[in-house]
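K.L.:
okay, here's the prediction I keep looking at, along with the sequence it came from:
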Amino acid sequence: MCGIAGIWNHNSKQKATDALHKMNQAMVHRGPDDSGVFVDDDVALAHQRLAIIDLSPAGHQPMSGGNESLQLIFNGEIYNFHEIREELSDVKFKTETDTEVILEAYAKWGEECLQKFNGMFTIVIWDKKNRKLFIARDRLGIKPLYYYFKNNQLIFASELRTLLASGFVPRKIDQNSLSDYFMYQTVHAPDTMVNDVKMLMPGHYINVDQNGFEIKEYWNLIKNTSSASSGHSYDQVTETIRELFGNAIQRRLVSDVPFGAFLSGGIDSSAVVGYMSRYQKEPVKTFHISFDESEFSEAKYARLIADKFGADHHEFRLTPDDFLNKLPEAVNALDHPSGDGPNSWLVSKITRENGVTMALSGLGGDELFAGYPVFNRSLKLRSLSGFYKLPVSIRKVIGQILMLGNNSATRRKLISLISLPNNTIQETFPLSRQLGSISTVENLLTGIHFNDRVKKIMHVADKNEIEKLPILSQVSYGEISSYMQNVLLRDTDQMSMASALEVRVPFLDHHLVEYVMGIKDDFKAPVTPKKLLTDSLKDLLPDEVVSRKKMGFTFPWDHWIKNQLNTFCETRIQSLAERPFINEKTLLTKWNDFNRGGTQVRWPDMWIAVVLENWIVQNEIEN
């Protein structure tokens, strides 16, 4: 796991070298173990190394290969590099790294090498002979890649702040992304909050040379969904899931540094710890953060799992003051503004401080196995085909009757859902995922082009292709392509790497994802929480964990923002209100209503505004 950066088609070796040193300095937290640069007439590459596999100096990057005709920088891990290495039996390897295997795989198979890789990665290869630059991102978007392409020059990096540190990228906000941010608490790739800066999409690669710049797709979640479960019994399906999940865990235990696991006490993290305990001799090191307030504590469930599997359990009990004192540092660690993140920052920091360099996470289990309320809600909406045949005007009247005496956010969203033109997942999912309604965001922003990015995500795919998927898999497609990739994975990367901690996500092994996406709804329906997953694990998890109410990693934000964090938040709210793209009266009215305890404004509505202003100031972003 590392940080990478580079410039293609620079005008001066000296200017490129100076920029690389600035970029390396901006991402030194991602790789404190080693630093390297490579500069020639066309390309300049920079690398910060966090050594995980082959800790020797032989793993230094940029690394050359392919008979010295290739130069590579790489962020991530290729879990099956030993198998690929066996296929390259004619190569005399100099190191034990997966990095060298990537180089030689590309030298032999070219772009097709991506089909062989099982891992999380951003790969950059400079082909000196053909003067071509190749950049690829993993299938699910676990590792990020930001880029800026202007005037036939390409600048790229693992982090947005690294890109800005080059001095070549204007620090100007992308106002067209503001509506996306306030609706969904993030900006969806390929767009970012910085004007003209893009993210390479998951499952895509770039080829650039003097003849042109092109982006190609090599993997697609819908097109690569497997039909292998078709015609199989429930028992056969659960057996396959058990095997695929076990394989995913085993692959992710390859490491030359101390490692452990995040353990919340929920189904997903407990499953990860349970399987880890099967495949390693030493007790699994587990890490859990809890609060003194029992309402927000999952500590007893984490301890239950740790005891069951004989883990070396580390529980850290925090008071609100403990966390609040660290919060400014957590917010400043955000490379890209997001409505989430401090929780990931905190558990990553504590894990790293306790001698662990790599940790496994249960991220992805909810998206694959229907763990969110939106899955059941979508099934119910799809069952109302007769109701949706009624004229919209009549449905709205019914909605208004339902609203009588109840104007909660949940009820308002329900009314919006039943007023949609139809009940397809392509229509209902974007609305289900919205944090702020279209009308609310339109009132908040001034002179902004309005753009519903999640609706675009759901409609980019060929309608016939997506509708071939089971209903729950259509929802999984939406979750994976929006919230998971653009909030959970991006926040996990930026917040864990802020402490130089590598996080691996076995639920996102592409073999497991492709198989589960093809399973029919009858098998996957969450009659009980993530029933298909828990049935696949048989007696691995105790009933107390399987049947308990889902909590997630929750902080008492509403109380904090109104009390201990009030001054911190109000300063930033008032500053944001003065910006030309914000309707000052609307924002300040929302803030005052929230502080008075009004039910129309929730804490996430305020927190994303606070985070945005903090990020703008910290990164010196212009309006």
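P.N.:
Right, received. Where do you want to start? Keep in mind it's a predicted model, so treat the numbers as computed, not measured. Numbering: from 1, shown residues only.
K.L.:
give me the packing partners of the worst-scoring helix or strand of the chain on mean pLDDT, helices and strands only.
P.N.:
Here the helix or strand of the chain ranked lowest by mean pLDDT, DSSP states H and E is helix 409-418, holding a mean of 77. If you count contacts as 3 or more Cβ pairs under 8 Å, 6 or more residues apart in numbering; DSSP states H and E, helix 409-418 packs onto helix 392-403, helix 425-433. For every residue, glycine as well, the C-beta is placed using N, CA and C.
K.L.:
what's the closest of these to residue 58?
P.N.:
helix 425-433 (45.6 Å; Cβ to Cβ).
K.L.:
could you give the angle of that closest one to helix 409-418?
P.N.:
160 degrees (axes from the mean of the first three to the mean of the last three Cα atoms, to 10 degrees).
K.L.:
quick one: the helix or strand just after helix 425-433 to chain centroid distance?
P.N.:
Per DSSP states H and E, the first helix or strand lying C-terminal to helix 425-433 is helix 438-444. Relative to its chain's centre, helix 438-444 lies at 26 Å (Cα atoms, centre = their mean, to the nearest Å).
K.L.:
what mean pLDDT does helix 438-444 get?
P.N.:
In this model, helix 438-444 carries a mean pLDDT of 87.
K.L.:
buried stuff in it?
P.N.:
Buried residues in helix 438-444, counted by 16 or more other Cβ atoms under 10 Å: 440, 441, 442, 443, 444.
K.L.:
tabulate these in JSON lines, adding columns for distance to residue 4.
P.N.:
Shown next, in JSON lines, are the buried residues of helix 438-444 (distance: Cβ to Cβ, whole Å):
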{"residue": "440", "distance to residue 4": "39"}
{"residue": "441", "distance to residue 4": "35"}
{"residue": "442", "distance to residue 4": "39"}
{"residue": "443", "distance to residue 4": "41"}
{"residue": "444", "distance to residue 4": "36"}
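K.L.:
my guess is residue 252 contacts residue 507. True?
P.N.:
No: taking contacts as Cβ atoms under 8 Å, residue 252 lies outside contact range of residue 507: 10.4 Å.
K.L.:
got any residues that touch both of the two?
P.N.:
In terms of Cβ atoms under 8 Å, 6 or more residues apart in numbering, residue 252 and residue 507 are not both contacted by any residue.
K.L.:
circling back to that earlier point, quick one: which of the helices and strands packed on helix 409-418 is nearest residue 378?
P.N.:
That would be helix 425-433 among the helices and strands packed on helix 409-418, by Cβ to Cβ, at 6.1 Å.
K.L.:
contacts for the closest one next, please.
P.N.:
184, 374, 377-378, 381-382, 413, 416-417, 420-421, 452, 454-455, 457-459, 463, 466, 471, 474-475, 478, 482-483.
K.L.:
kindly recompute the last result at 6 Å.
P.N.:
Helix 425-433 is contacted by residues 374, 381, 416, 417, 420, 454, 455, 458, 459, 474, 478 when judged by Cβ atoms under 6 Å, 6 or more residues apart in numbering.
K.L.:
excluding covalently adjacent residues, which one is nearest to the last one?
P.N.:
In other words, residue 478. Among residues not flanking residue 478 along the chain, residue 429 sits closest, at 4.2 Å (Cβ to Cβ, 6 or more residues apart in numbering).
K.L.:
what are the buried residues along the lengthiest helix in the chain?
P.N.:
Using DSSP state H to define each element, the chain has its longest helix at helix 234-251. Within helix 234-251, the residues scored as buried using 16+ other Cβ under 10 Å are 237-238, 240-242, 244-251.
K.L.:
go on, stretch 609-623?
P.N.:
In stretch 609-623, counting by 16+ other Cβ under 10 Å, buried: 609, 610, 611, 612, 613, 614, 615, 616, 619, 621.
K.L.:
stretch 217-233 now?
P.N.:
Buried-residue list, stretch 217-233, by 16+ other Cβ under 10 Å: 219, 221, 222, 225, 229.
K.L.:
the third one contacts residue 465, correct?
P.N.:
Yes: with contact defined as Cβ atoms under 6 Å, residue 222 and residue 465 form a contacting pair (5.2 Å).
K.L.:
coming back round to it: among the buried residues of stretch 217-233, which one sits closest to residue 179?
P.N.:
residue 221 (25.1 Å).
K.L.:
circling back to that earlier point, of all the helices and strands packed on helix 409-418, which one comes closest to residue 349?
P.N.:
Judging the helices and strands packed on helix 409-418 by Cβ to Cβ, what sits closest to residue 349 is helix 425-433, at 29.0 Å.
K.L.:
give me the nearest residue to residue 521, chain neighbours excluded.
P.N.:
residue 470 (4.6 Å).
K.L.:
repeat that for residue 520.
P.N.:
Here the residue nearest residue 520, using Cβ to Cβ, 6+ apart, is residue 470, at 5.3 Å.
K.L.:
for the stretch 51-200 of the chain, which spans come out with low pLDDT?
P.N.:
For the stretch 51-200 of the chain, no stretch has pLDDT under 70.
K.L.:
try the stretch 451-600 of the chain
P.N.:
461-463, 549-555.
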